[in-house]
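J.: based on what follows, work out the 3D shape:
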Amino acid sequence: MAGRQFSWSGAALLQLLLGVNLIVMPPTQARSLRFVTLLYRHGDRSPVKTYPKDPYQEDEWPQGFGQLTKEGMRQHWELGQALRQRYHGFLNTSYHRQEVYVRSTDFDRTLMSAEANLAGLFPPNGMQRFNPNISWQPIPVHTVAMLIPLIHFS
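T.: Down below sits the predicted model:
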């Protein structure tokens, strides 16, 4: 019985908070996006270790244990494309170092995830294309110890 009372009072409190939030918040038209922080994990990777009798030991994985797979690269490239669509109008159509700061841990899989994400997010156009055969441009990824990839847009 006490559990039911707590549940109802919790629901009533939540409803009250949401109602106050709707009254206090300005309408959608009055708000504007000013800053975005994205936090994500690396893409699909190979196992970091295996059990002794596993038929798929480290030599079975093209890049070894704990490395980003082709699937992980594709996942982040597609995520970059999705972010391009989501923030259309907020982001410039081309990369500008003053607007985007990318940070990653110093692990191959996280650095490659950030790079693949940026390849989907900022395909080169015009003057940014340095080779007509490559639809990619280098974008700095800053490394720090023990953090996951983080992108700031401003």
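
J.: tell me the gap between the longest strand that the chain contains and the middle of its chain.
T.: Selection of the longest strand in the chain by residue count, based on DSSP state E, yields strand 100-105. In terms of CA atoms, centre = their mean, to the nearest Å, the centre of strand 100-105 is found 10 Å from the chain centre.

J.: just stretch 55-64 next, same as before
T.: On CA atoms, centre = their mean, the centre of stretch 55-64 falls 27 Å from that of its chain.

J.: do stretch 70-84 as well
T.: With CA atoms, centre = their mean, you get 9 Å for stretch 70-84.

J.: list the buried residues of it.
T.: Neighbour-count burial for stretch 70-84 flags 72-73, 75-77, 79-80, 83 (criterion: 16 or more other CB atoms under 10 Å). (Glycine included, C-beta is placed from N, CA and C.)

J.: among the residues you listed, which ones are in strands?
T.: Using DSSP E, none of those sit in strands.

J.: gap between residue 135 and residue 119?
T.: According to CB to CB, to the nearest Å, residue 135 stands 8 Å off from residue 119.

J.: the strands in the protein, which residues?
T.: Under DSSP E, the chain gives strands at 36-39, 100-105, 142-144, 150-153.

J.: among those strands, which comes closest to residue 59?
T.: strand 100-105 (25.6 Å; CB to CB).

J.: output that closest one in CSV with nothing but the alpha carbons.
T.: Extracted as CSV, the C-alpha positions of strand 100-105 are listed here (Å, rounded to 0.1, in the frame of the first residue of the first chain):
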residue,chain,number,x,y,z
VAL,A,100,34.3,22.4,-34.5
TYR,A,101,36.7,20.9,-31.9
VAL,A,102,37.1,17.2,-31.8
ARG,A,103,38.7,15.3,-28.9
SER,A,104,39.4,11.6,-28.4
THR,A,105,41.3,9.2,-26.3
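
J.: if we can go back for a sec, in the longest strand of the chain, what counts as buried?
T.: Applying 16+ other CB under 10 Å to strand 100-105 flags 100, 102-105 as buried.

J.: now stretch 54-64
T.: For stretch 54-64, by 16+ other CB under 10 Å, it's 58, 61.

J.: could we number from 43 for the rest of this?
T.: All set: I'll call the first residue 43, so the last point we hit is now stretch 96-106.

J.: would you put the C-alpha positions of that stretch in PDB?
T.: This file holds the C-alpha atoms of stretch 96-106, laid out as PDB (Å, rounded to 0.1, in the frame of the first residue of the first chain):
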ATOM      1  CA  ASP A  96      38.600 -19.900 -29.200                       C
ATOM      2  CA  PRO A  97      39.200 -20.700 -32.900                       C
ATOM      3  CA  TYR A  98      39.300 -17.000 -33.600                       C
ATOM      4  CA  GLN A  99      42.500 -15.800 -32.000                       C
ATOM      5  CA  GLU A 100      44.100 -12.400 -32.700                       C
ATOM      6  CA  ASP A 101      45.600 -13.400 -36.000                       C
ATOM      7  CA  GLU A 102      42.000 -14.000 -37.300                       C
ATOM      8  CA  TRP A 103      41.200 -10.300 -37.000                       C
ATOM      9  CA  PRO A 104      42.700  -8.100 -39.800                       C
ATOM     10  CA  GLN A 105      43.900  -5.400 -37.400                       C
ATOM     11  CA  GLY A 106      44.200  -7.500 -34.200                       C
END
